[in-house]
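> here is my input, please return the structure:
(4 chains)
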There are 2 protein chains.
Amino acid sequence: MKDVAKQAGVSQTTVSFVLNHVENANIPAETQSRVWAVIEELGYRPNAMARNLRSNRTHTFGFISDVVATTPFAGQIIQGAQDAAWQQNYLLLVVNTGGDQAVKQAAVDTLLERRVDGILYATMYHRAVFPPPQVREVPTVLLDCYVEDRSLPSVVPDEVNGGYVATIALLQKGHKRIGLINNLQPVPAMVGRQTGYRQALAEFGIAFDETLVTKQSSDPPGGYAGLQKLMALPTPPTALFCFNDRMAMGAYRYAHENNLRIPTDLAVVGFDNQELIAPYLEPPLTTMALPHYAMGQWAVQHLLALIEKPEDQNGHSPVQQLCVCPLIERSSI
Amino acid sequence: MKDVAKQAGVSQTTVSFVLNHVENANIPAETQSRVWAVIEELGYRPNAMARNLRSNRTHTFGFISDVVATTPFAGQIIQGAQDAAWQQNYLLLVVNTGGDQAVKQAAVDTLLERRVDGILYATMYHRAVFPPPQVREVPTVLLDCYVEDRSLPSVVPDEVNGGYVATIALLQKGHKRIGLINNLQPVPAMVGRQTGYRQALAEFGIAFDETLVTKQSSDPPGGYAGLQKLMALPTPPTALFCFNDRMAMGAYRYAHENNLRIPTDLAVVGFDNQELIAPYLEPPLTTMALPHYAMGQWAVQHLLALIEKPEDQNGHSPVQQLCVCPLIERSSI
DNA sequence: CTATTCTACTAATACGATTTACTAATTGCT
DNA sequence: AGCAATTAGTAAATCGTATTAGTAGAATAG
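Next up, the predicted model:
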């Protein structure tokens, strides 16, 4: 910067002013273009560290997650966050902890040392978390997770609505007996989707039949076993809502092996819209998409809002945002 | 730091010395523990920006990629890089360009402004790239990609060996007619794997039969069509090597529909070890894994080497590292 | 007993920006 | 013409650390 100043015949202060487009610095256009020309000529690149040190802003967010970056499930979370951040001239410092509590702690410490302007704390699937307390030293938003006492802002999929929409789609095709192959673990997705399922049934005046829901491991074998069990019922279902696409994959297998035609004999809707599975099943699977990209975006935008106008926050309890899961229609219902 | 110094009754310099475990500073153990105690007490956290500014090292690498973070294909690349970096006290600043050249340019500029110690330039799949020339201002390694003139170090999968190993696995089971459903685009993976396939055949004294290789789109329909074509041959193959698991998925479908039992009537080996597909096909698919994690690790380690001892590099042309693809044995051969 | 080395520190500077407070020259207004 | 306001800048302080060059006193060597 000193060199630029010398070469342009101005002070270093002036260079800083033109570089930052300072409004009331009264630098005439002519001088400005002279400075810019020298900047170009010397290939000057401002030093972000010095700038950050002085202005006490890094334009960087920490992105902490268990294993998000790794999995085929939630890469879009990062993508959404990154895109939104990039648009506002922010960058993401990502660290995957692998679920290790000590690493989580160390990660938060490192990020705070580096003076990130905020923290995104993400998980691979929707669940409760217990982040290290230091995250509260800086604006933080939870991504695809939440704390029990809701003392931090969070964004998660609207599981209830997801279950509702999926079931409604089946009901609208005239189905009256709809099986639900749910997850074993009582995670929010499992509980929420079943709630939505019941809401939809109620809306169509159909009584909830406990025998139509079965809990299985959340993989293809689970889906296979689930459908097997449901088809053994006195009045088997004509439609099926699976907790996820992998289970739907197993259900498909059972259907094929037992000459059940999809969607004629059995309509199927999945969940997750797994890009490697759903479109390629035979027939292509109708399923609910998780709004990973949108959640990532929302998290960054909210973080920015918290930073720009913290006063908006005053008095309100931290936002707990729900993102809707869109129905992806293919050919299985 | 000043506050710590005051409270501990020493100079700021001394605090800095104990903080950094400076060897020949002759700070007696007693003073050191006094300082540490105050650090603890005040909850002092060093300011990385100031430190970086002074020492001109950020302990940060830029990770630029087209869409790596996003895809279910290569998330492990990031994971490997991140783990290796974390171990050496480095963090990753990731930016996904979405393949846009202007964004790529801007990304490099931003990272250089932030004075990253090095750049990792990654792609979703093995191919040639043309990174912005400024990456050369700082140590850079190409990840899962390379430049035509080999003027930058790179690490990519050993495609030839991969094709070779896959084919050998089939040959060792006694197969003599092995079909190859390859990709349409002449990418390194397509060319390399076919080369390996031919090498393996040659080693077993089997003549290359052009009619046994077909090029198809790299998705399940492509695999389906490919197998269909091969089975129409006068002497159809008894084994099949697919360019990837998704094509193998399509081949499976054709096999099932035509009462070809796997592996009895037809042995199949895929490529990619796609975690959502390969283990869940019926029977589980034997396939080649891409060494994404290992490549990410290697890239970071090489970057560190370039930084620590740049002199090792003198005279040598940039390393072009190949990583072997391990065979993942399941039940399809 | 003096000269040297060692121990345990500290003062001051530099890293590369941003920002505040100031000034000299010009312009505007009555 | 005389004073205020505006224009076009600049000097200097500051952000929080690392590091160099030193220093006062104690220990050791000759």
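> so, in contact with chain B or not, the longest strand anywhere in chain A?
If you go by DSSP state E, chain A has its longest strand at strand A:118-128. No. Strand A:118-128 stays clear of chain B (Cβ under 8 Å from any Cβ of the partner chain), getting no nearer than 10.9 Å. From N, CA and C alone the C-beta is placed, and that goes for glycine too.
> same for that strand, what does it pack against?
Applying 3 or more Cβ pairs under 8 Å, 6 or more residues apart in numbering or on different chains; DSSP states H and E, one finds that strand A:118-128 contacts strand A:60-65, helix A:75-87, strand A:140-146, helix A:188-203, helix A:292-308.
> need the ones you listed in a markdown table with distance to residue B:50, mean neighbour count and mean pLDDT, can you?
A markdown table is the format used below for the helices and strands packed on strand A:118-128 (distance: least, Cβ to Cβ, whole Å; neighbours: other Cβ atoms under 10 Å in any protein chain shown; pLDDT from 0 to 100):
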| stretch | distance to residue B:50 | mean neighbour count | mean pLDDT |
| --- | --- | --- | --- |
| strand A:60-65 | 15 | 28 | 97 |
| helix A:75-87 | 24 | 24 | 94 |
| strand A:140-146 | 23 | 26 | 98 |
| helix A:188-203 | 42 | 20 | 98 |
| helix A:292-308 | 21 | 22 | 96 |
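> would you mind giving those as TSV with distance to DNA strand D added?
Below are these laid out as TSV (distance: least, Cβ to the nearest atom of the strand, whole Å):
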stretch	distance to DNA strand D
strand A:60-65	16
helix A:75-87	24
strand A:140-146	21
helix A:188-203	40
helix A:292-308	18
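> redo those as TSV? Include distance to residue A:224.
Supplementary listing: the helices and strands packed on strand A:118-128 in TSV, determined by distance: least, Cβ to Cβ, whole Å:
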stretch	distance to residue A:224
strand A:60-65	31
helix A:75-87	27
strand A:140-146	28
helix A:188-203	19
helix A:292-308	27
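> ok so residue A:321 is a strand residue?
Yes. Counting by DSSP: H, G, I helix; E, B strand; the rest coil, residue A:321 is found in a strand.
> what sits against it?
Residues near residue A:321 by Cβ atoms under 8 Å, 6 or more residues apart in numbering or on different chains: A:153, A:154, A:155, A:156, A:298, A:302.
> looks like the second one contacts residue A:148 (just checking).
To tie it back to what came earlier, the one meant is residue A:154. No. Between residue A:154 and residue A:148 there is no contact under Cβ atoms under 8 Å: 11.0 Å.
> can you give me the strands in the stretch 201-333 of chain A?
A:213-216, A:239-242, A:267-272, A:286-289, A:320-323, A:327-328 (DSSP state E, counting those that start in this stretch).
> dump the fifth one to CSV, restricted to CA.
By that I understand strand A:320-323. Written as CSV, here are the backbone C-alpha positions of strand A:320-323 (Å, rounded to 0.1, in the frame of the first residue of the first chain):
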residue,chain,number,x,y,z
GLN,A,320,-36.4,-22.0,15.4
GLN,A,321,-36.9,-22.1,11.7
LEU,A,322,-38.7,-25.0,9.8
CYS,A,323,-38.0,-25.6,6.2
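> how about that strand: buried residues?
A:321, A:322, A:323 (16 or more other Cβ atoms under 10 Å in any protein chain shown).
> now those residues as a markdown table including distance to DNA strand D and pLDDT?
Formatted as a markdown table, the buried residues of strand A:320-323 follow (distance: Cβ to the nearest atom of the strand, whole Å; pLDDT from 0 to 100):
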| residue | distance to DNA strand D | pLDDT |
| --- | --- | --- |
| A:321 | 33 | 98 |
| A:322 | 39 | 98 |
| A:323 | 38 | 98 |
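> which among those residues gets closest to residue A:214?
Nearest to residue A:214, judged by Cβ to Cβ, of the buried residues of strand A:320-323 is residue A:322 at 27.0 Å.
> how close does the closest one sit to chain B?
Distance of residue A:322 to chain B, computed by Cβ to the nearest Cβ, to the nearest Å: 23 Å.
> contacting residues for that residue?
A:155, A:156, A:157, A:158, A:161 are the contacts of residue A:322 under Cβ under 8 Å, 6+ apart.
> select only the buried ones of these in PyMOL?
Under the burial definition 16+ other Cβ under 10 Å, those of these that qualify are selected in PyMOL by:
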select buried, chain A and resi 155+156+157+158+161
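> quick check: the farthest pair among the contacts of residue A:322?
The widest separation within those (Cβ to Cβ) is 14.2 Å, between A:155 and A:161.
> tell me, how many neighbours does the residue of chain A found nearest DNA strand D end up with?
Proximity of chain A to DNA strand D (Cβ to the nearest atom of the strand) peaks at residue A:11, 3.0 Å away. Number of residues near residue A:11 (other Cβ atoms under 10 Å in any protein chain shown) recorded here: 12.
> repeat that for residue A:100.
Neighbours of residue A:100 (other Cβ under 10 Å): 12.
> at the contact with DNA strand D, which residues of the stretch 1-150 of chain A appear?
A:9-14, A:17, A:25-28, A:30-31, A:50, A:53-54, A:56 (Cβ under 7 Å from any atom of the strand).
> mind checking which helix or strand residue A:161 is in?
Assignment of secondary structure by DSSP states H and E places residue A:161 within helix A:159-172.
> tell me what that helix is packed against?
Against helix A:159-172 (3+ Cβ pairs under 8 Å, 6+ apart) you get strand A:178-183, helix A:188-203, strand A:239-242, strand A:267-272, strand A:286-289, strand A:327-328.
> contacting residues around the first one?
Contacts of strand A:178-183 with the rest of the structure, by Cβ under 8 Å, 6+ apart, involve A:167, A:170-171, A:189-190, A:193-194, A:197, A:201, A:212-216, A:218, A:222-223, A:226-227, A:230, A:236-244, A:247, A:251.
> pull up the residues of chain A that are close to DNA strand C.
Close to DNA strand C, as judged by Cβ under 7 Å from any atom of the strand, chain A has residues A:1, A:12-13, A:16-17, A:19-20, A:46-47, A:50-51, A:53-55.
> dump the residues you listed to JSON lines, plus pLDDT, secondary structure and distance to residue B:39.
As requested, the residues of chain A next to DNA strand C are exported to JSON lines (pLDDT from 0 to 100; DSSP: H, G, I helix; E, B strand; the rest coil; distance: Cβ to Cβ, whole Å):
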{"residue": "A:1", "pLDDT": "95", "secondary structure": "coil", "distance to residue B:39": "34"}
{"residue": "A:12", "pLDDT": "96", "secondary structure": "helix", "distance to residue B:39": "35"}
{"residue": "A:13", "pLDDT": "96", "secondary structure": "helix", "distance to residue B:39": "37"}
{"residue": "A:16", "pLDDT": "97", "secondary structure": "helix", "distance to residue B:39": "34"}
{"residue": "A:17", "pLDDT": "97", "secondary structure": "helix", "distance to residue B:39": "39"}
{"residue": "A:19", "pLDDT": "96", "secondary structure": "helix", "distance to residue B:39": "37"}
{"residue": "A:20", "pLDDT": "96", "secondary structure": "coil", "distance to residue B:39": "35"}
{"residue": "A:46", "pLDDT": "97", "secondary structure": "coil", "distance to residue B:39": "32"}
{"residue": "A:47", "pLDDT": "98", "secondary structure": "coil", "distance to residue B:39": "28"}
{"residue": "A:50", "pLDDT": "97", "secondary structure": "helix", "distance to residue B:39": "25"}
{"residue": "A:51", "pLDDT": "97", "secondary structure": "helix", "distance to residue B:39": "27"}
{"residue": "A:53", "pLDDT": "97", "secondary structure": "helix", "distance to residue B:39": "21"}
{"residue": "A:54", "pLDDT": "97", "secondary structure": "helix", "distance to residue B:39": "25"}
{"residue": "A:55", "pLDDT": "96", "secondary structure": "helix", "distance to residue B:39": "26"}
